[in-house]
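A.B. asks: need coordinates for the following:
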Amino acid sequence: MTGAWTRAALVAAACIAGATGCKKKADDEPDPWTAPPVMSDAEQQRGRQACEAYVARLCACAESRPELAESCRLAQAQPEALAQLFGMLNGKEGALGQRELREAQHTARRIIKDCFEKDAALDPATCPRPPRR
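C.D. replies: Model (predicted):
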């Protein structure tokens, strides 16, 4: 019987220590559920340009590399998805709640990141970048 009481006391002590430890940690760290910074017009414009440039480069490369044709077709949805998300973020679809705002921003930033990463992964020897204007 003493073993059960000892075990129960240890579990209770661990729970109390854990609860106070968590409370202190929560005071020290920012809330992970707070909304991210709102996407500025400049961030939206850079993201739109990056995805459009990636799609243009990929599709130009697909003309000479047929194995990239399907990737080109699928990538064309990225700028369209961004346009829809930016419309939502800019209020064209009505006011968004905090959750919808966070999800739309997260999705837009994920698409933009994908455009940058996939553009960087294209081989410049076989898919050259267009000259800068």
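
A.B. asks: show me the shaky parts of the protein.
C.D. replies: Applying pLDDT under 70 to the chain flags the ranges 1-36, 133.

A.B. asks: what segments of it are helices?
C.D. replies: Here the chain has its helices, by DSSP state H, at 2-28, 41-62, 69-75, 77-89, 98-121.

A.B. asks: tabulate those helices (CSV), appending distance to Pro128 and mean neighbour count.
C.D. replies: To be clear about C-beta, it is placed using only N, CA and C from the backbone, and glycine gets the same treatment. As requested, the helices of the chain are exported to CSV (distance: least, Cβ to Cβ, whole Å; neighbours: other Cβ atoms under 10 Å):
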stretch, distance to Pro128, mean neighbour count
helix 2-28, 50, 9
helix 41-62, 8, 17
helix 69-75, 16, 15
helix 77-89, 21, 17
helix 98-121, 12, 15
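
A.B. asks: quick one: neighbours of Pro130, just the number.
C.D. replies: Residues lying near Pro130 (other Cβ atoms under 10 Å) number 9.

A.B. asks: and if you look at Ala125?
C.D. replies: 6.
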